[in-house]
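K.L.:
give me a model of this one.
(chains A and B)
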Amino acid sequence: KQEVTQIPAALSVPEGENLVLNCSFTDSAIYNLQWFRQDPGKGLTSLLLIQSSQREQTSGRLNASLDKSSGRSTLYIAASQPGDSATYLCAVHYNQGGKLIFGQGTELSVKP
Amino acid sequence: GAVVSQHPSWVICKSGTSVKIECRSLDFQATTMFWYRQFPKQSLMLMATSNEGSKATYEQGVEKDKFLINHASLTLSTLTVTSAHPEDSSFYICSARGASWGPKNIQYFGAGTRLSVL
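P.N.:
Have a look, this model is predicted:
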């Protein structure tokens, strides 16, 4: 069964800290992996997309890595800010009708 | 990036009534649309996948007679929750994907609809 797991479920850090969110998946035959941000009661904002042939992607203070052999991805957030507070979701795209399989999310709180 | 509009953003209805949620791709043709459900503090669970002009494919455990999906055009899919009950209260999110297949063809998400059934 294809599953995606995110650890930790919740994380609270002081402003300015660098932090890492983890995502693991059980089947390494992925097409791509996406990291999303979701604010309370809102839809999803795509942050980064990593193709199966790539090892990392960067956008501003965000860096996502992908290690297919170990079934892991990390989202690195540098110099965290209170505005980064949200739930971060990892989703894996397999070749099964193109559906995304989501992790449970990590709820991040950055304290000023 | 591509824009997907979902309407309404919030709906309250009485138990036993039906509610329709619309999902529109505004600037691209969405050959495939997906409907997700999200309970508080939980992740998104795929309910069904719909391809334009054909019947939706429902995930295991999702009642197709309860959640009617129509994808009659390349820019519009609708989800109708029939005879809604309080346990159907949830956050529903749609996404849309264009025609070309491959790793770069991603889903674009709507802003979600919060359904409250009284």
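K.L.:
tell me how far the closest residue to B:Gly98 other than its chain neighbours lies from chain A.
P.N.:
Spatially, and ignoring its direct neighbours in sequence, B:Gly98 is nearest to B:Phe28 (5.2 Å; Cβ to Cβ, 6 or more residues apart in numbering or on different chains). For the C-beta atoms, the positions are set from N, CA and C on the backbone; glycine is no exception. Going from B:Phe28 to chain A by Cβ to the nearest Cβ, to the nearest Å gives 15 Å.
K.L.:
hang on, B:Phe28 in a helix?
P.N.:
No - the assignment for B:Phe28 by DSSP: H, G, I helix; E, B strand; the rest coil gives coil, which leaves it out of any helix.
K.L.:
for it, what are its contacts?
P.N.:
Contacts for B:Phe28 were tallied using Cβ atoms under 8 Å, 6 or more residues apart in numbering or on different chains; they are B:Ala2, B:Ala96, B:Gly98.
K.L.:
my read: the second one touches B:Met33, true?
P.N.:
Yes - judged on Cβ atoms under 8 Å, B:Ala96 makes contact with B:Met33 at a distance of 4.9 Å.
K.L.:
what is in contact with those two at once?
P.N.:
Contacts common to B:Ala96 and B:Met33, judged by Cβ under 8 Å, 6+ apart, are B:Cys23, B:Ser25, B:Ser77.
K.L.:
where's the dip in pLDDT among those?
P.N.:
Lowest pLDDT among the shared contacts of B:Ala96 and B:Met33: B:Ser25, with 91.
K.L.:
partners of that one in the sheet?
P.N.:
B:Val4 (DSSP bridges).
K.L.:
next one: the one 10 residues further on
P.N.:
In this entry, B:Trp35 is beta-bridged to B:Ala48, B:Cys94, by DSSP bridges.
K.L.:
which residues touch it?
P.N.:
B:Cys23, B:Leu46, B:Met47, B:Ala48, B:Ser50, B:Phe67, B:Ile69, B:Ser77, B:Leu79, B:Tyr92, B:Ile93, B:Cys94.
K.L.:
switch the cut-off to 7 Å
P.N.:
Neighbour list for B:Trp35: B:Met47, B:Ala48, B:Ile69, B:Leu79, B:Tyr92, B:Cys94 [criterion: Cβ atoms under 7 Å, 6 or more residues apart in numbering or on different chains].
K.L.:
in stretch A:40-48, what's buried?
P.N.:
Residues A:Lys42, A:Gly43, A:Leu44, A:Leu47, A:Leu48 are the ones in stretch A:40-48 that count as buried (16 or more other Cβ atoms under 10 Å in any protein chain shown).
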